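In: kindly return the folded structure for what I paste below:
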Amino acid sequence: MDTEQLSLRERIVGGPRGSGPQHFALTDEHGALTGPFGVMVHEPAIGAPLQELGSALRYAGTLPERTREIAILAVAHATDNAFERHAHERVGRAAGLADDELAALADGTFAPADSGEQAAYALCRRLLEDRARLDDDDYADLSRTLGTTALTELVVLVGYYRTLAQLMDVHDVGVPRDGT
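Out: Predicted coordinates for the structure are as follows:
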C-alpha cells in the first residue's frame, strides 16, 4: 500500500470502528480490511470521504441504535448483501434486536410496535423500492413521527449502504472466510 492507502487504513482501524465494541471482524487474520473497507483503501480519494460519511452515520448520527440497525438491515436484505447482513445482524443484536425481529427483517415481515421504528422501516422500504418522492401528507406524517433530522439521516443512510452493497457486488466482497 502507498502512504495514502496506509493512512486511510489507519483512520479506519484507529477510528470508532476499530476502537469501539467489535461485533464483527474489521480485519482478517492477515490484517486485511474486511467488507467495503478493503475496497475503500484501494481508492483513498473516494474511500476516505465515503468511510467518513459511514462513520458519521453510525457514530455521530441522531438515530436510535435499534432504528439505525433496522434501516441498515433493510438495505442489506433488499440488496442481498451478505457482508452487511453478517456484520449488522451482530450489531443489531447488541442494539437490542431479537432473533425473531432479525428473521422478520430478513423475510420482509418486520412489524415493530414502536411507531418511530415502524415509520423508519416503511421509509427505508419505500426508498429501496425506488419510490423516494413523498407527497405532502407522507412527508408531514414522517416528519411528525421521526423529525426532519432523522428523516434526512435515513435517506442518506439508505443511499450510503446501497453504495456499499454495489461496491461489494462489483468487487465480489463477501463474508470473511472464518465467519467472524
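In: buried ones in the helix or strand bottoming out on mean pLDDT in the chain?
Out: When each helix and strand of the chain is scored by mean pLDDT, DSSP states H and E, helix 16-19 comes last, with a mean of 85. For helix 16-19, the neighbour count (16 or more other Cβ atoms under 10 Å) marks Arg17 as buried. In this view, the C-beta of every residue, glycine as well, is placed from N, C-alpha and C.
In: could you do stretch 66-85 as well?
Out: With burial defined by 16+ other Cβ under 10 Å, the residues of stretch 66-85 counted as buried are 66-79, 81, 83-85.
In: which residues sit against stretch 116-131?
Out: Stretch 116-131 has contacts (Cβ atoms under 8 Å, 6 or more residues apart in numbering) with 63-64, 66-67, 70-71, 74-75, 78-79, 108, 110-112, 132, 141-142, 145-146, 150-151, 154-155, 158-159, 162.
In: same thing with stretch 54-69?
Out: 15-17, 20, 71, 88, 91-92, 95-97, 116-117, 120, 149-150, 153-154, 156-157, 160, 164.
In: check stretch 85-100 too.
Out: Stretch 85-100 has contacts (Cβ under 8 Å, 6+ apart) with 21, 23-24, 35, 65-66, 68-70, 72-73, 76-77, 101-102, 105-106, 175, 179.
In: can you show me the CA trace of the one helix or strand Gln51 maps to as PDB?
Out: For Gln51, the host element (DSSP states H and E) is helix 44-55. Provided in PDB are the C-alpha atoms of helix 44-55 (Å, rounded to 0.1, in the frame of the first residue of the first chain):
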ATOM      1  CA  PRO A  44      -8.300   6.700  -0.900                       C
ATOM      2  CA  ALA A  45      -9.600   9.900  -2.700                       C
ATOM      3  CA  ILE A  46     -13.000   8.300  -2.800                       C
ATOM      4  CA  GLY A  47     -12.700   5.900   0.100                       C
ATOM      5  CA  ALA A  48     -11.800   8.400   2.700                       C
ATOM      6  CA  PRO A  49     -14.800  10.600   2.300                       C
ATOM      7  CA  LEU A  50     -17.000   7.600   1.900                       C
ATOM      8  CA  GLN A  51     -15.800   6.000   5.100                       C
ATOM      9  CA  GLU A  52     -16.200   9.300   6.900                       C
ATOM     10  CA  LEU A  53     -19.800   9.500   5.800                       C
ATOM     11  CA  GLY A  54     -20.400   6.000   7.100                       C
ATOM     12  CA  SER A  55     -18.600   6.800  10.400                       C
END
